[in-house]
Each structure stands twice: as C-alpha cells, then as structure tokens.
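Novice: quick one, fold the following:
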Amino acid sequence: MKIRERLNLAAGILFTLILGTLLHFTYHWSGENPFVALFSPVNESVWEHLKLLFFPVLLYTFFEIIVLYKGSGHFLTSRLLAVCMGMFFIVSSFFTYTGLFGQDFFVLDILIFVFSVLLTFLLSRYLEVRWPGLTLPLLAGYALLILLVICFFSFSFSPPELPLFTPPA
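Specialist: Okay, here's the model as predicted:
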C-alpha cells in the first residue's frame, strides 16, 4: 500500500473515532436540539449508536469523493458494503455479549465501536483493491446511502418497538 493510501486510511480511522466519540455527547450538549438529533444518538439504543459510525464515515467518504476524487461506483460500493458490515458488527456483537452476560459493559461497548471503525475502513480498502468487479451503478450507491440516512432520520423521532431501537434497561 502506498504511503498516501496509508495516510488516508489512518486519517479516516482517526477522524471517525474522534467525531464518533464527540457525536455521542452533542445531542445533550445542544440542549436536545432536534436538528442535532438527526446525527447524534438521542438515547442509548443500539440503533442510535450506529450513528456514531455511519455519519462520520459518510462525512469522510464525501471528503474522499470531493477532495481525493474517489467518486467511482467501485469506491462507493466498497465503502457502502464496509459501513454496513461495521454496523452489523456493532449490532451482532452487542446483542451477543449482552445475551451471554445479561448486561452491557461500557468498556466492551467502546471496544466494539473501535473495532467496527477499523473493520469498516480496512474492509473498504480491501474490497476496493481486491475485488475490482464489485461495483453498483453510481446512482444505486447514492440511493442506498440516501435510504440509510432517511432511516436514521425517521427512526430518531419515531422508532419501531423492537429491541434494536429500545435503550437497554
């Protein structure tokens, strides 16, 4: 991997870790502003905590598309699949360990977040390099991103009554 690509990968990971951590607190810092609620967790549900990964990755992806000219369908497909895998890892890990232990642990939650960020960026890079044929049409990639954003926005204010959207007791 070239030095520039390594720096970009490290920058994406660091950016997501820092912004994701800050987003955890911004809803309360804003006085529970409804606009901030679109991008920050409004409660402790697993769904709301997926925002900590998704929105920083989305923002960094836009940076890469605009500034680094990585606007191909292949890049977007790789990143979209990787962020979905990162979010799946958060959901499956949280429910697995809380199911085994009967409670959640703050340290494990942080480790799951850190690992999901690493998984997202490393998998994205792997798919981009190793699977060049893995490409959605560019419009389809953007449509899926918009669909995810709509889900995050709408479920922040009107979550379904499912365990994924319910804060742990």
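Novice: please count neighbours and contacts with C-alpha atoms only from this point.
Specialist: Fine.
Novice: which one's the longest helix in the protein?
Specialist: Longest helix in the chain, counting residues (DSSP state H): helix 73-101.
Novice: distance from the following helix or strand past that helix to the middle of the chain?
Specialist: The helix or strand immediately downstream of helix 73-101 is helix 106-130, counting by DSSP states H and E. Relative to the centre of its chain, helix 106-130 is centred 9 Å away, using Cα atoms, centre = their mean, to the nearest Å.
Novice: buried residues, helix 106-130. List them.
Specialist: For helix 106-130, the neighbour count (16 or more other Cα atoms under 10 Å) marks 109, 112-114, 116-125, 127-128 as buried.
Novice: contacts for that helix, please.
Specialist: 9, 12-13, 16-17, 53, 74-75, 78-79, 81-83, 85-87, 89-90, 93-94, 134 (Cα atoms under 8 Å, 6 or more residues apart in numbering).
Novice: now do it and helix 73-101, the angle between them.
Specialist: Orientation check (axes from the mean of the first three to the mean of the last three Cα atoms, to 10 degrees): helix 106-130 against helix 73-101 gives 150 degrees.
Novice: tell me the mean pLDDT over helix 106-130?
Specialist: Average pLDDT, helix 106-130: 95.
Novice: same check on stretch 4-21?
Specialist: 93.
Novice: and for stretch 162-169?
Specialist: 88.
Novice: how long is that stretch from one end to the other?
Specialist: 14 Å (Cα to Cα, to the nearest Å).
Novice: can you pull the buried residues of it?
Specialist: Going by 16+ other Cα under 10 Å, stretch 162-169 has these buried residues: 165-166.
Novice: any of the contacts of helix 106-130 buried? List them.
Specialist: With neighbours counted by 16+ other Cα under 10 Å, these contain buried members at 9, 12-13, 16-17, 53, 74-75, 78-79, 81-83, 85-87, 89-90, 93-94.
Novice: for the helix or strand where Phe35 lies, packing partners?
Specialist: For Phe35, the element it lies in under DSSP H and E is helix 34-37. Judged by 3 or more Cα pairs under 8 Å, 6 or more residues apart in numbering; DSSP states H and E, the packing partners of helix 34-37 are helix 3-29.
Novice: the helix it packs on: how far from the chain's middle?
Specialist: That offset, for helix 3-29, works out to 11 Å (Cα atoms, centre = their mean).
Novice: cool, stretch 63-73 as well?
Specialist: Distance of stretch 63-73 from the chain centroid (Cα atoms, centre = their mean) equals 18 Å.
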